[in-house]
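Asks: what follows is a predicted structure for the sequence shown.
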Amino acid sequence: MKLRNIISILFAICLCGCDILEKEATILTEDKYYQTPEEAQDALNAVYGVLNSWQLYGCNLILDLNYNDDLCMYMSTTNASMKGASVELDANCDNIYQTWTWLYKGIRNANAFLENLEKTNFDEDGNMAAQARFLRAYYYFILAQNFRDVPLRTESTESYEHVKCKASSQFDVMQYAVSEMEAILPTISASLKHSPSNICRTTVQGILARIYLYMAGSAVEGGDKHSYYGKARDYAKDVIDSGLHNMNPDYEDIFINLISDKYDTQYYESMWEADFYGDRSSPDYYGHSRWGELNGIRSSNSGTNFADMKVNFSYGLFASTIVLWDLYMHDDRVKLEKDLSWITDKRQDWNIPPFHYNGSGEEACVYPYGGDPTDVRKMLAGIDRCPWYYRDPNSGIVYSTNDDPTYHPCSRFIGKFRRETRYEGQKLFKCIFGGINVPLLRYTDVLMMYAEAVNEYDGKPNEDIFNIILAVRNRAGIQTEPYSRYSTYEKFQKLIRNERAREFCFEGIRKFDLLRWGIYLSSMQDLQRKTNADKRASGTFTSNTLVELVSRMSKKYEYLPIPSLELAVNTEMRQNPLW
């Protein structure tokens, strides 16, 4: 079920200028609202609706606070509205407070919904309550993953005294999350009828695998790490054994569907998405997502000929790194495919394309990427696929990705969520908001979590899990060394970590992978050193910015600070160490 009505509800709340919980107190807590099953469903939609907010998956949670990693970096050293991306965070940042607040809004909505649903007979099979309990648990997982120790509230907060609440440990919050998800597994629907917008049983199993993998890593203190790998293995295997999901044989198609707002009902590779709807062109078409605009192929056309554009507006504020380039071109490649002068990995071609839409200024020295070599002219922003190029001022020779697709190997704009009009549709104004859906869980991720968990639990790989990685690489169109090359624990671990980078770059999960492996800060420092030392990277227009941003990072950036406003209200809370 597409959550269109959520956007209208949230828009109405924004227009009236009141707090969402003040408005939803009427929707969620008065008995009269639960007079029909449809009204109960609307209330459940409000629990889902937090996912679709600007404060969470629309922008803040991922694009601002968690997008910088060793594969992708922000391209400015300061931004008052994106202090996470520009590494200028402190506990007073509004984006920190908004993300914290909206996660707790989702929890509060779930608490109120569950308490009032019990007064009805609209949920005889328990599926609605199961969804709300899962979402509440998921919001707690995201809170603990980002903020560490947080207050755990499972009942409505009805007074100021209830606001004051000591934080539970990160471990206890995550234990609560998995116990809630496990408890609702027998009740949650197994049907994919409303997937990937709504959750179903395989969604829960896939997210359980993710949480247990996170708990098994070094980011969370406490618990039986070995058993958590076993849990992650088992839940991922449950998804595989269900037979309900398959890998889409076309990698690009996964993201074209997300950009085009289409559900994949053939393969169901996309298992769960945050739905976005609307470009704010009208009150009925009012969305909150800047995916593809902040993290897309730059197109800063300042004209008004929008009907001629081949791509919708994009600031394109993030760029790829030399680490990602070498992961595609060099690492884990067979000898005949290593460091070629052309691109063979289909993922690389889609994720970091050899062109942009930013135009060539007044220069008329190249032709459109992939176009007619005789069509040398000025490249028009928003219209022409402009190759990356450099004109030598002394010789006049032009070097470009038209002639050498490996030219300009880093600081390329992100193509994974590109806003090309043939996919997103034509926008007839400078549109920074769009309807690109955000992937929260993919079946390929489940497969690779399973392979990783087996290797960690058994202390060695086997040919079955190697074949999973082989299938992922085959889809990408690249060759792979035989199993004997990766038959030890250490070599397979490195392979799967590298493969996750190549497969899931720019989807907002890389930082958390690095955190659970205990190598986030060291990976960023390695990136900084490589950028300084490698002439392919050190001469790019973003290299100084990258070096400066990483120099600001320290261990405290592994977590977010507790918002100052929260500490002022909840006097039982304490700030995170180092913040």
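Replies: Received it, and whenever you're ready, just let me know what you need.
Asks: all strands for this protein, in order.
Replies: With DSSP state E, the ranges of strands along the chain come out as 72-74, 150-151, 167-168, 270-274, 318-320, 355-356, 386-387, 389-391, 398-400, 438-442.
Asks: any idea which of the ones you listed is most buried?
Replies: Highest mean neighbour count of the strands of the chain: strand 386-387, a mean of 27 (counted as mean count of other CB atoms under 10 Å). C-beta here means a position set from N, CA and C on the backbone, and glycine is covered the same way.
Asks: partners of that one, with directions?
Replies: Strand 386-387 has the following sheet partners, assigned by DSSP bridges: strand 355-356 (antiparallel).
Asks: what average pLDDT does the strand it pairs with get?
Replies: Mean pLDDT, strand 355-356: 97.
Asks: which outside residues touch that strand?
Replies: With CB atoms under 8 Å, 6 or more residues apart in numbering as the test, strand 355-356 has contacts from 297-299, 316, 369-370, 385-388, 401, 412-413.
Asks: same thing but 7 Å
Replies: Strand 355-356 is contacted from outside by 297-298, 369, 385-388, 401, 413, using CB atoms under 7 Å, 6 or more residues apart in numbering.
Asks: returning to what we had before: residue 255 is nearest to which of the strands of the chain?
Replies: With CB to CB as the criterion, residue 255 lies closest to strand 438-442 of the strands of the chain, at 8.3 Å.
Asks: tally up the residues packed near residue 574, please.
Replies: By the criterion of other CB atoms under 10 Å, residue 574 has 12 neighbours.
Asks: mind listing what the nearest residue to it once chain neighbours are set aside touches?
Replies: Nearest residue to residue 574, sequence neighbours excluded (CB to CB, 6 or more residues apart in numbering): residue 167, at 7.1 Å. Neighbouring residues of residue 167 by CB under 7 Å, 6+ apart: 149-151, 573.
Asks: then residue 205?
Replies: By CB under 7 Å, 6+ apart, the contact list for residue 205 reads 235, 238-239.
Asks: returning to what we had before: which among the contacts of strand 355-356 gets closest to residue 175?
Replies: Checking the contacts of strand 355-356 against residue 175 by CB to CB gives residue 413 as the nearest, at 40.9 Å.
Asks: if we can go back for a sec, which one (most neighbours) among the contacts of residue 205?
Replies: Among the contacts of residue 205, the one with the most neighbours (other CB under 10 Å) is residue 235, at 28 neighbours.
Asks: so that one sits right up against residue 210, yeah?
Replies: No. With contact defined as CB atoms under 7 Å, residue 235 does not reach residue 210; the gap is 8.9 Å.
Asks: burial count for the closest residue in space to residue 445 that isn't next to it in sequence?
Replies: Leaving aside its sequence neighbours, residue 445 sits nearest to residue 504 (CB to CB, 6+ apart; 6.6 Å). By other CB under 10 Å, the residues close to residue 504 number 21.
Asks: and residue 378, how close does it get to residue 361?
Replies: Applying CB to CB, to the nearest Å, the value for residue 378 to residue 361 is 8 Å.
Asks: when those two are compared, which one has more neighbours?
Replies: Taking other CB under 10 Å, residue 378 and residue 361 do not tie; residue 378 has more neighbours (15 against 10).
Asks: which pLDDT value belongs to the closest residue in space to that one that isn't next to it in sequence?
Replies: Sequence neighbours aside, residue 364 is the residue nearest to residue 378 in space, at 4.8 Å (criterion: CB to CB, 6+ apart). Predicted confidence (pLDDT) for residue 364: 93.
Asks: what sits against residue 192?
Replies: For residue 192, the contacting residues are 200, 244, 268, by CB under 7 Å, 6+ apart.
Asks: could you turn the buried ones of these into a ChimeraX selection?
Replies: Per 16 or more other CB atoms under 10 Å, the buried members of the contacts of residue 192 correspond to this ChimeraX selection:
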select :200,244,268
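Asks: just the closest of the contacts of residue 192 to residue 464, please.
Replies: In terms of CB to CB, no member of the contacts of residue 192 lies closer to residue 464 than residue 244, at 19.9 Å.
Asks: mind checking how far the closest one is from residue 268?
Replies: With CB to CB as the criterion, residue 244 and residue 268 are 6 Å apart.
Asks: residue 360 touches residue 367, doesn't it?
Replies: No. Using CB under 7 Å, residue 360 is not in contact with residue 367, being 10.4 Å away.
Asks: ok so, going back, would you turn the contacts of strand 355-356 into JSON lines with pLDDT?
Replies: JSON lines is the format used below for these (pLDDT from 0 to 100):
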{"residue": "297", "pLDDT": "97"}
{"residue": "298", "pLDDT": "96"}
{"residue": "369", "pLDDT": "97"}
{"residue": "385", "pLDDT": "97"}
{"residue": "386", "pLDDT": "96"}
{"residue": "387", "pLDDT": "97"}
{"residue": "388", "pLDDT": "96"}
{"residue": "401", "pLDDT": "97"}
{"residue": "413", "pLDDT": "97"}
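Asks: surely residue 427 meets residue 279?
Replies: Yes. Counting by CB under 7 Å, residue 427 does reach residue 279; the two are 5.9 Å apart.
Asks: what residues are up against the residue nearest to residue 114 when sequence neighbours are not counted?
Replies: Among residues not flanking residue 114 along the chain, residue 132 sits closest, at 5.4 Å (CB to CB, 6+ apart). Residues in contact with residue 132 (CB under 7 Å, 6+ apart) are 44, 47, 110, 113-114.
Asks: how about a cut-off of 8 Å?
Replies: Contact analysis of residue 132 by CB under 8 Å, 6+ apart lists 44, 47, 110, 113-114, 117.
Asks: tell me which of those residues fall in helices.
Replies: With DSSP state H as the criterion, helices contain 44, 47, 110, 113-114, 117 from among the contacts of residue 132.
Asks: circling back: which single one of the contacts of residue 132 is nearest to residue 334?
Replies: Using CB to CB, these come closest to residue 334 at residue 47, 48.5 Å.
Asks: quick check: nearest residue in space to residue 58, chain neighbours excluded?
Replies: residue 288 (3.8 Å).
Asks: got a pLDDT number for residue 68?
Replies: Residue 68 carries a pLDDT value of 97.
Asks: and it, how close does it get to residue 321?
Replies: Here residue 68 is placed at a distance of 10 Å from residue 321 (CB to CB).
Asks: looking at these two, which is more packed in?
Replies: Ranked by neighbour count (other CB under 10 Å), residue 68 and residue 321 place residue 321 first, with 27 against 24.
Asks: what residues are up against the more buried one?
Replies: If you count contacts by CB under 8 Å, 6+ apart, residue 321 has them with 70-73, 410-411, 527, 531, 537, 546.
Asks: quick one: pLDDT of it?
Replies: For residue 321, the pLDDT comes out at 97.
Asks: against residue 310, how distant is residue 363?
Replies: Distance from residue 363 to residue 310, by CB to CB: 20 Å.
Asks: the two: which has the busier surroundings?
Replies: Comparing residue 363 with residue 310 by other CB under 10 Å, the one with more neighbours is residue 310, at 17 against 14.
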